[in-house]
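1. Pasting a predicted model and its sequence here:
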Amino acid sequence: MKKTGGGGGAAGDKKRSRRSYADSATDTPPKKQAVKKDVFQIFAEKVRDHKDLESRWAVLQETRVEYFRGKDFVSFLKNHPEIKDLLESDKNLEVEDIADILLRKNLVVRCDRVVKTVRPGKRKLSTWPAHLEIFPDQAFSDNDAFFAWTFVNRRPLWQTLLSFCWPVLTLAICLFPVYPHQVKLFILYFCAGVLLLILCLLSMRALVFGFLWVALGKRVWFFPNILAEEATLKELFQFWPQKDEADRPKWTARLFYATVAVLIIMLLRHHAPDEAARARYHKRVSNIIDDVLEWSPRLALSGMMDKQTVVNATDSHNNVTDDGPETTARPEDDTEGETTYDQFEEEEIINAGDSNDRHY
């Protein structure tokens, strides 16, 4: 009986060990298990890349961040409910609950505007402030609340390729003096044309603004973000002006600045340079540009070699003696030593006097 029971126990242990081994074999090893990405991280990346969620760039603690408004987030999820399918089991949560989870996971951070008072001449606070600070209460709100993304967005392919082009462009700028003459002319005219286009654009928008401000009392800036520091590339070339939210200026101020502008124009016209002065300045600038364009290493090296040949020939000619006392060679380079041309003439006169005394 003991033997049978012992044999049955051993057989049961073997079966249990085989069963446990089979169960463990079906499990995937921990190292081979794929790390599943957080669904809220995927959701945040999808929402950030979506073009319908309006966002801006601002400075938060000396760091440029992309941020959005709470009310825009609420309206975005109401207009695009399919985005919530990325949350899988949490797709039925309310918008406020989803935003609170994003805050707890540090995917977004609530911010507040730094300037909380209306600036002089403005009717209300800026819709999109340029400077933000962290809000003490990290809870979602759609009432004048701003939220900044905390994770680094994936860089597009064109930005990666552009980062490799910067060293090449720097090297090309350094090699400008050795370019062919036609390439130098093309680069010169291209850069001059771009600079002239920028100056004309800034001048025209300033003239339009001044004329409309004096005549109608309205502030109209075409290309309103052309000088903005925090503007994106798309916002930089926005043509239509923004809505004027400031108070209309007084007619006395408009009359004063119009008078000042007329006086400045008359003063500049009275002190404008004449035709001869403009011609001299144009010639001087043209000579400088020609010197830059016509310079090449071959001409520079050939000029140095010709100069060295002339110096060697002159030195050998001055060292030749004609049955008389050795004459002092005239220095070719005024930069070597402290001997001047007057001292050289004095030495020649003294040597000539000594030779005459010997003949007598």
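-> Ah, there it is.
2. ok, residues contacting stretch 276-293?
-> 181, 184-185, 188, 273 (C-beta atoms under 8 Å, 6 or more residues apart in numbering). C-beta coordinates here come from the backbone N, C-alpha and C atoms, glycine included.
3. run the last query once more with 10 Å
-> For stretch 276-293, contacts defined as C-beta atoms under 10 Å, 6 or more residues apart in numbering pick out 176-177, 179, 181, 184-185, 187-188, 192, 272-273.
4. Which of the residues you listed fall in helices?
-> Those of those mapping onto helices are 181, 184-185, 187-188, 192, per DSSP state H.
5. Output those as TSV; include the columns neighbour count, distance to residue 152 and pLDDT.
-> Formatted as TSV, the entries for these read as follows, by neighbours: other C-beta atoms under 10 Å; distance: C-beta to C-beta, whole Å; pLDDT from 0 to 100:
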residue	neighbour count	distance to residue 152	pLDDT
181	11	46	81
184	19	42	85
185	13	44	84
187	15	36	89
188	14	40	86
192	11	39	89
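6. Closest one of those to residue 86?
-> Proximity of these to residue 86 (C-beta to C-beta) peaks at residue 187, which lies at 49.8 Å.
7. Help me confirm that the closest one comes into contact with residue 179.
-> Yes: shown here, residue 187 and residue 179 form a contact pair, counting by C-beta atoms under 10 Å, at 7.4 Å.
8. joint contacts of those two?
-> 172, 293.
9. And the contacts of stretch 153-170?
-> So stretch 153-170 is contacted by 44-45, 48-49, 66, 172 (C-beta under 10 Å, 6+ apart).
10. what bits of the chain have low per-residue confidence?
-> Applying pLDDT under 70 to the chain picks out residues 1-36, 121, 229-233, 243-246, 292, 295-360.
11. ok, back up a step: wait, which of the ones in helices among the contacts of stretch 276-293 is closest to residue 104?
-> Using C-beta to C-beta, these come closest to residue 104 at residue 187, 54.9 Å.
12. OK, contacts around the closest one?
-> With C-beta under 10 Å, 6+ apart, residue 187 has these contacts: 172-173, 176, 179, 293.
13. same question, residue 91
-> Here residue 91 is in contact with 39, 43, 81-85, 98 (criterion: C-beta under 10 Å, 6+ apart).
14. So which of those sit within strands?
-> Assignment to strands by DSSP state E places none of the contacts of residue 91 there.
15. Now neighbour count and distance to residue 219 too, for these, in CSV please.
-> Formatted as CSV, those follow (neighbours: other C-beta atoms under 10 Å; distance: C-beta to C-beta, whole Å):
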residue, neighbour count, distance to residue 219
39, 14, 47
43, 22, 41
81, 9, 41
82, 7, 42
83, 18, 39
84, 16, 42
85, 9, 46
98, 22, 40
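16. check which helix or strand covers residue 64.
-> Using DSSP states H and E, residue 64 falls within strand 63-69.
17. Please read the previous query as pertaining to residue 147.
-> Going by DSSP H and E, residue 147 is in strand 146-149.
18. And the next helix or strand past that strand?
-> Next along from strand 146-149, by DSSP H and E: helix 157-174.
19. Residue 144 and residue 113: what is the separation?
-> Taken as C-beta to C-beta, to the nearest Å, the spacing of residue 144 relative to residue 113 amounts to 8 Å.
20. returning to what we had before: show me which of the contacts of residue 91 is closest to residue 198.
-> residue 83 (41.0 Å).
21. ok so, going back, what two of the contacts of residue 91 are the furthest from one another?
-> 39 and 81, at 16.0 Å, using C-beta to C-beta across the contacts of residue 91.
22. Can you show me the strands along the chain?
-> Under DSSP E, the chain gives strands at 56-60, 63-69, 108-113, 131-134, 146-149.
23. okay if I get these as a markdown table plus distance to residue 140 and mean neighbour count?
-> Converted to a markdown table, those look like this (distance: least, C-beta to C-beta, whole Å; neighbours: other C-beta atoms under 10 Å):
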| stretch | distance to residue 140 | mean neighbour count |
| --- | --- | --- |
| strand 56-60 | 18 | 19 |
| strand 63-69 | 12 | 16 |
| strand 108-113 | 7 | 20 |
| strand 131-134 | 15 | 15 |
| strand 146-149 | 8 | 22 |
